Structures are given as C-alpha cells and as structure tokens.
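Peer 1: Coordinates for the following, if possible.
(one chain, ligands or ions: 2)
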Amino acid sequence: ENGLETEARVFLEEYDRRSSEKCFKQASANWNYATDIREETEKIKLQESLEYAKFQKEIWNNITTQFKIRDNFKDPALVRTFKKIAIIGTSASALPEERLKEFQQLKSTMAKIYSTTKTCAYEDATKCDLSLDPDLTEIMKVSRDEQQLRHVWKEWHDKVGGPIRQYYKPYVGFSNEIAKSNNFSDAGAFWLREYESETIKEDIEQLWQTLKPFYQQMHAYVRAKLRDTYGGQITEDGLIPAHLLGNMWAQSWENIYSLVVPFPEKASIDVTDQMKQQGYTPLKMFQISDEFFTSLGLIPMPPEFWKESLLEKPKDREVVCHASAWDFCNRKDFRIKQCTVVTTEDLITVHHEMGHVQYYLQYKDQPMIFRRGANPGFHEAVGDTLALSVITPKHLKEIGLLDSSTPIDDYETSINFLLSMALEKIAFLPFGYLIDKYRWDIFDGTVDSVEPSNYNAHWWKLRREYQGLKPPVERSEENFDAGAKYHVPADVEYLRYFVSKVIQFQFHRSLCLEAGQYDPEDPRKPLHNCDIYRSKAAGSKLAAGLAMGSSRPWPEVMKVMTGQDKMDASAIREYFKPLEDWLILQNAKLAQTPGWQKSKNDLESDA
Ligand SMILES: CC(=O)N[C@@H](CC(=O)O)C(=O)NC[C@H](CC1(C(=O)N[C@@H](Cc2ccc(O)cc2)C(=O)O)CCCC1)C(=O)O
Ligand SMILES: [Zn+2]
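Peer 2: Ligands and ions are numbered 1, 2, ... in the order given. Sure thing, here's the model as predicted:
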C-alpha cells in the first residue's frame with residue numbers, strides 16, 4: 001500500500017465523520033420541516049441544505065486537487081469510494097451560491113404548493129378544506145359517482161399542477177446545469193448514473209416489451225368491466241378515462257377490485273373491515289410489520305424509532321403527509337413519517353416504509369458513502385418483497401385477518417387473489433416507466449424544451465401510449481398534469497419503482513426457494529402462495545445482500561440474494577401466469593380486443 005493510499009484512508013476517516021454530522025443536521029432540519037410546515041422551519045431547512053452543499057463543494061475541491069490519481073489505487077473499494085464522492089451529489093453543490101439558493105427556494109415552493117393545497121367539495125362548493133391525504137385519496141378509492149370523481153380529479157390537477165407549471169422550466173434548467181457540471185449530458189443521465197449500467201434504458205425498455213402484452217390483457221378486461229359500471233364513459237377509442245381507476249393518478253388499480261372481481265362469491269384479500277373490527281391502530285400495524293421482519297431473524301426497530309416516528313396525521317399542524325422513511329446517518333436514529341389510516345393498502349405501505357428502515361439498519365456499519373441501496377430499485381423492493389408474503393390469504397389467516405374457515409386453495413380464489421395483486425403491481429408498470437420517460441424527454445430536449453409549449457400534450461401522449469388512459473376533462477397548456485404527482489415537484493427519480501416491481505419478484509422467488517415454501521416442480525407450492533414468515537434461512541439470505549449497501553455493483557448484490565446478476569421478468573411472469581392465461585381466455589370470451597387507438601397525431605407521426 002503506497003503512501004498516497006494511506007493518506008487517502010486518513011482523508012476518508014475525516015470525510016466519513018464530517019459527512020455523517022452534516023447529514024444528521026440536514027436530516028433533522030428536513031424532518032422538522034416535514035413534520036411542521038412553517039416559515040421558521042422552512043428557513044432552517046434551506047439554511048442547512050446550503051451548509052451541506054458548501055461542505056460537499058469543499059470536499060470536491062480537495063479531492064480534485066489532492067487525489068487526482070485516485071484511479072490507480074490498488075484497493076477497489078478505495079477507487080469506488082473516490083469515484084462516488086467525486087460526483088458532487090444532488091445537493092446541487094455544483095452551482096454558484098446564488099443560483100443554488102434560487103434552486104432550493106424554487107423546489108421548496110413547488111413542494112409547499114403540493115403539500116398544502118386544499119380543494120373544494122363536489123357536493124358543496126363552499127367547503128374548500130379538502131386535502132389530498134386523506135380526503136381526496138379516500139374519495140378516489142371509494143366513490144363510484146363518475147361526476148364526483150371527475151370533479152375531484154379536476155380540482156386536484158387544476159389547483160396543484162397549474163400553479164407548479166411556471167416553476168418547471170427553471171427547474172429543468174437548474175437540473176441540467178448541475179448534471180453538466182458533473183460531466184453528464186443532462187439531468188436524466190445524471191439520475192441514471194445510480195444504476196451503473198451503459199444499457200439501463202435498453203434493459204428497461206426490454207422488460208416493458210416483455211410485460212406489455214400482459215398489461216394490455218388486464219387493461220382490456222378492466223375496461224370491459226368498467227363499462228358495466230360507467231357505461232358510455234368507456235368509448236370506442238379503447239382508452240379508459242383516468243378518474244375511474246380508484247387512484248388519483250391511475251398508477252395502481254387495487255381500489256376498483258370490487259368492480260372487476262372475477263368470482264364475487266369467493267374470498268377477497270381486502271381485510272380493511274376486519275382490521276377495523278379488530279381495533280387495529282396505526283401503531284399496531286407497525287408492530288405487526290416489525291414482528292414479521294424479526295421472525296426472519298432481521299433487525300428489530302430500535303427504541304428511537306418508536307419514540308421519534310410520526311405514524312399518524314397530527315391535528316394541530318401542517319405536515320408533509322406523503323409517507324417516508326428517514327436515516328439520520330448517526331447509526332442510531334431511524335424514523336418513519338406516515339399519515340397512516342387503517343386499511344389493507346396502508347398495511348402494505350407500512351411494510352414498504354419498514355423495508356427502507358431495515359435496509360438502513362442492515363448497512364449502517366458501512367462507510368457513509370456506501371450507505372445506500374445497491375441501486376435505487378433495491379431500496380424500493382425490500383418492503384414490497386416481504387409484503388408479497390404478508391398479503392397472501394394463507395398469511396392473512398395466520399395473523400387472524402382472514403377467517404380460518406375461508407377456503408383459499410381453490411382455483412377461483414387464486415384468480416381473485418392474483419387479479420387484486422395485478423391491479424397493484426402490473427397496472428403500475430407503464431406508470432412507473434412513463435414518469436421518468438416524460439422527464440428524460442424534457443431534460444434531453446426531445447420535448448420542445450425551449451418553450452414548455454407542449455409539456456402537457458407530451459404528458460397525455462405518453463399516458464395514452466403506455467397506460468391506455470385519457471383525461472376525464474378537456475386539458476390545455478394552462479395545465480401541468482405531471483405536476484400533480486408528488487415526485488415531479490419533489491424532484492424525486494421514479495424509475496426505481498419500475499425496477500422494484502420487477503426485482504421484488506426475483507427476490508421473492510429466491511427467498512421462497514430458500515424457505516422451502518415454493519417448488520417450481522410442485523403445483524401445490526405455486527410462487528403466489530409462498531409466505532416466508534419465520535424462515536431464518538430466507539432472512540439471512542436477504543440480510544447478506546442488504547448489508548452490502550452500495551459497496552459493490554448491484555449485479556454482485558443481486559447474485560448474493562438470488563443467484564442471478566440481471567433484472568429478469570421471468571419471476572413476475574411466473575407469479576402471475578395462471579391469471580395471464582385466465583385473462584386471455586376471458587377477453588376472447590368477452591370479445592375484448594386488447595390495446596387502443598393511437599391518437600391522431602401518433603398516427604401522423606407514424607405516417
Ligand atoms: C427521506 C426519504 O425520502 N426517504 C425515501 C426512502 C429512501 O430513499 O431511503 C422515502 O421514504 N420516500 C418516500 C416514498 C413514499 C411512497 C411513494 O412515493 N411510493 C410511490 C410508488 C409506489 C407506490 C405503491 C407502492 O406500494 C410502492 C411504491 C408513489 O406513491 O407513487 C408512498 C407510499 C409508498 C412509498 C417511498 O417510500 O418510496
Ligand atoms: Zn420507498
């Protein structure tokens with residue numbers, strides 16, 4: 001080990017200590033704002049993010065001067081560390097201070113519009129205190145009144161997307177400037193660096209092409225069923241109006257399960273009523289989840305978690321209700337903030353957030369620079385993977401949420417179950433892809449980025465092409481409907497969720513094999529019935545991968561967890577195979593042709 005490497009290690013010790021301190025201070029300021037939205041807390045949050053950016057710029061300066069020849073270090077971990085530190089992070093510390101302040105303020109303004117906008121009720125135009133979470137979310141979930149759904153959809157998209165629109169063009173400018181100063185072509189390429197792959201875009205497109213036929217079969221079946229409920233709303237163009245899918249963004253359709261259930265007389269996994277009858281509270285939901293994790297031999301939530309987390313929407317102040325998990329970078333303090341309600345959907349979200357904290361706990365002894373997911377999709381897949389076991393009828397019986405006498409092994413029940421899972425997982429795929437495809441197109445200039453003259457037209461072009469949806473009311477360039485989805489104003493990359501939906505089934509298949517709960521040769525042990533509950537073998541296989549953080553390229557981590565080193569749609573297709581076969585038959589019977597008309601300008605562009 002030459003002198004320079006020794007010097008580099010001393011530098012890294014110092015870096016690790018200081019970046020952990022800075023991270024703690026920034027996380028605390030962000031938490032204090034997110035759990036108490038006020039001028040005062042916003043000011044402190046902005047100050048702390050400037051501090052953090054200054055620190056990153058200082059680090060970058062002495063790395064680029066002192067350790068220019070980092071590449072010929074012998075220790076690959078040292079090379080990897082310096083490469084990662086050298087890309088000055090999304091804290092935008094590449095910008096001159098004045099522009100940095102402007103950028104932080106702009107993001108804060110967009111986030112505040114999103115988190116505090118209230119809307120007026122359908123039945124009473126003077127009642128204007130309805131917030132997205134829980135009010136509009138609940139209406140979109142339960143209402144079957146097309147006019148009310150249309151009103152709620154329009155209120156939210158007009159009152160949030162519209163005001164955010166003016167900030168989006170400058171946001172794009174800043175984002176691209178930061179990317180370019182880090183030697184990336186644009187912000188989209190800067191985001192994709194986290195996947196450390198020259199072919200990530202092609203790989204994603206390939207996965208989508210593999211899964212698209214299945215999505216279109218489900219879309220055709222749901223469209224036919226919705227025609228029974230909403231009649232003429234479902235017109236001959238084959239498109240589904242975006243307000244009828246049970247979710248503000250039509251990103252997942254599990255809330256319209258009751259309108260599309262294949263065998264109504266059989267059991268369904270919506271255990272919301274059971275949870276309420278049994279007096280479930282948000283805290284109990286988190287305790288149930290913690291017990292599932294520890295049953296696998298994974299790490300229990302530490303005392304600070306239970307003491308400091310915010311698990312319900314407070315009554316006395318404004319908070320950012322969008323659920324989130326927090327790592328305070330001091331190896332001790334980990335929290336969740338969630339405006340939890342007692343529903344099946346939120347039980348899944350609880351596991352999703354707990355998955356993030358489990359990952360923080362597993363890699364907390366890594367150096368700061370490696371305390372991240374192997375790639376962002378890994379972080380999103382942990383909780384969802386465990387939730388695949390929790391949500392099985394077998395497991396719901398085990399924890400007393402499904403009556404023990406309910407038959408669950410027959411074919412019809414499994415089709416009901418698989419459809420409810422597909423409404424969440426398969427419906428999401430085109431949405432998870434298009435949120436970033438939309439922003440890549442804007443960042444790289446393929447969408448007229450000089451004037452945002454077709455921001456909204458492009459959004460609905462993609463929504464039509466990928467999801468087979470159309471807006472419920474007339475849209476124009478006064479609107480900015482992408483801005484009505486949290487992650488767009490919040491400047492959060494979204495491809496991670498598409499990746500997660502694919503790899504979580506690879507993780508699930510591997511852990512189910514490990515737990516002896518699944519056997520591809522045994523039809524009595526199909527993948528969709530697997531529950532890894534209490535399997536220490538599955539838990540230690542998962543932990544082995546999570547503990548690596550981002551210290552090694554993600555294919556190596558995936559190999560440790562699944563034996564594979566590639567993203568692969570075979571697991572998700574195997575899980576849903578019985579449903580895909582059933583849908584193909586059903587659509588043929590209902591004479592439903594999968595797919596929809598390309599829009600006129602699509603046809604022109606095809607011409
Ligand atoms: C400090 C910080 O920001 N921490 C990160 C975690 C980290 O990076 O360490 C974090 O907590 N991010 C918040 C985000 C919240 C949710 C989300 O935004 N979900 C997507 C997509 C989706 C939808 C359904 C689903 O089942 C799974 C995903 C959406 O709602 O569109 C909302 C509820 C679920 C997850 C999250 O947890 O990913
Ligand atoms: Zn997440």
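Peer 1: At the contact with ligand 1, which residues of the stretch 251-400 of the chain appear?
Peer 2: Residues of the stretch 251-400 of the chain lying close to ligand 1 by CB under 6 Å from any ligand atom are 251, 322-326, 348-349, 352-353, 356, 379-380, 384. For glycine as for every other residue, the C-beta is placed from the backbone atoms N, C-alpha and C.
Peer 1: Recalculate using a threshold of 8 Å.
Peer 2: Applying CB under 8 Å from any ligand atom, we find that the stretch 251-400 of the chain lies next to ligand 1 at 251-252, 322-327, 336, 338, 348-349, 352-353, 356, 359-360, 373, 376, 379-380, 383-384, 387.
Peer 1: Counting only helices, which of those residues make the cut?
Peer 2: With helices defined by DSSP state H, the entries of these inside them are 348-349, 352-353, 356, 359-360, 376, 379-380, 383-384, 387.
Peer 1: Which strand residues bridge the residue in the stretch 301-450 of the chain positioned nearest to ligand 1?
Peer 2: Taking CB to the nearest ligand atom, ligand 1 has its nearest neighbour within the stretch 301-450 of the chain at Ser324, 3.3 Å off. Beta-bridge pairing of Ser324 under DSSP bridges involves Lys337.
Peer 1: residues contacting it?
Peer 2: Shown in contact with Ser324 (CB atoms under 8 Å, 6 or more residues apart in numbering): Ala34, Ile336, Lys337, Gln338, Glu353.
Peer 1: Correct me if wrong: the second one contacts Gly355.
Peer 2: The reference is to Ile336. No: with contact defined as CB atoms under 8 Å, Ile336 does not count as touching Gly355 (10.6 Å).
Peer 1: Point to the residue nearest the middle of this structure.
Peer 2: With distances taken as CA atoms, centre = their mean, Tyr497 lies nearest the centre of the chain, 4.2 Å away.
Peer 1: can you tell me the helix or strand for it?
Peer 2: helix 495-514 (DSSP states H and E).
Peer 1: Distance of the residue nearest to the centre of the chain relative to ligand 1?
Peer 2: According to CB to the nearest ligand atom, to the nearest Å, Tyr497 and ligand 1 sit 4 Å apart.
Peer 1: and the nearest residue to that residue once chain neighbours are set aside, what pLDDT?
Peer 2: What sits nearest to Tyr497 in space, not counting adjacent residues and going by CB to CB, 6 or more residues apart in numbering, is Gly432, at 4.5 Å. Here the pLDDT value assigned to Gly432 is 98.
Peer 1: separation between Gly432 and Gln251?
Peer 2: Using CB to CB, to the nearest Å, Gly432 is found at 8 Å from Gln251.
Peer 1: Compare those two (neighbour count), which wins?
Peer 2: The neighbour comparison of Gly432 against Gln251 (other CB atoms under 10 Å) goes to Gly432, with 27 against 20.
Peer 1: Just say helix, strand or coil for that one.
Peer 2: Of the three states, Gly432 takes helix under DSSP: H, G, I helix; E, B strand; the rest coil.
Peer 1: pretty sure it is touching Lys501, no?
Peer 2: Yes: the criterion here is CB under 8 Å, and Gly432 meets it with Lys501 at 6.3 Å.
Peer 1: residue contacts, Glu398?
Peer 2: By CB under 8 Å, 6+ apart, the contact set of Glu398 is Asp531, Tyr533.
Peer 1: for the residue of the stretch 501-607 of the chain found nearest ligand 1, what are its contacts?
Peer 2: Ranked by CB to the nearest ligand atom, the top residue of the stretch 501-607 of the chain for proximity to ligand 1 is Lys501, at 8.2 Å. Applying CB under 8 Å, 6+ apart to Lys501 gives the contacts Asp384, Lys425, Phe428, Leu429, Gly432, Ile572.
Peer 1: Give me the contact list for stretch 106-117.
Peer 2: 37, 42, 45-46, 131-132, 156, 159-160, 163-164, 167-168, 170-171, 174, 318, 320-322, 483, 486, 489-491.
Peer 1: Can you tell me the closest non-neighbouring residue to Gln148?
Peer 2: In space, Gln148 is closest to Tyr122, 4.4 Å off (CB to CB, 6+ apart).
Peer 1: just checking, that neighbour touches Val152?
Peer 2: Yes: using CB under 8 Å, Tyr122 makes contact with Val152 at a distance of 6.5 Å.
Peer 1: more neighbours, the two?
Peer 2: Neighbour comparison, Tyr122 and Val152: the larger count goes to Val152, with 26 against 19 (by other CB under 10 Å).
Peer 1: contacting residues for the more buried one?
Peer 2: Thr119, Tyr122, Leu136, Ile139, Met140, Ser143, His243.
Peer 1: Could you rerun that using 6 Å?
Peer 2: Neighbour list for Val152: Leu136, Ile139 [criterion: CB atoms under 6 Å, 6 or more residues apart in numbering].
Peer 1: isn't there a strand covering it?
Peer 2: No: checked against three-state DSSP, Val152 lies outside a strand; its state is helix.
Peer 1: Sitting in helices, which of the contacts of stretch 106-117 do you find?
Peer 2: Using DSSP H, the contacts of stretch 106-117 in helices are Glu42, Lys45, Leu46, Trp156, Pro163, Ile164, Tyr167, Tyr168, Pro170, Tyr171, Phe174.
Peer 1: of all those residues, which comes closest to Thr81?
Peer 2: Comparing the ones in helices among the contacts of stretch 106-117 against Thr81 with CB to CB picks out Phe174 as the nearest, at 27.7 Å.
Peer 1: burial measure for that closest one, as a count.
Peer 2: 20.
Peer 1: And it, how close does it get to ligand 1?
Peer 2: Per CB to the nearest ligand atom, Phe174 is found 20 Å from ligand 1.
Peer 1: Near ligand 1, which residues of this protein are found?
Peer 2: Residues of the chain lying close to ligand 1 by CB under 8 Å from any ligand atom are 27, 30, 249, 251-252, 322-327, 336, 338, 348-349, 352-353, 356, 359-360, 373, 376, 379-380, 383-384, 387, 424, 428, 432, 485-487, 492, 494, 496-497, 500.
Peer 1: which among the residues you listed end up buried?
Peer 2: Buried residues within these, counting neighbours by 16 or more other CB atoms under 10 Å: 27, 30, 249, 251-252, 322-327, 336, 338, 348-349, 352-353, 356, 359-360, 373, 376, 379-380, 383-384, 387, 424, 428, 432, 485-487, 494, 496-497, 500.
Peer 1: Who are the contact partners of Gln362?
Peer 2: By CB under 6 Å, 6+ apart, Gln362 lies in contact with Ala543, Leu546, Ala547.
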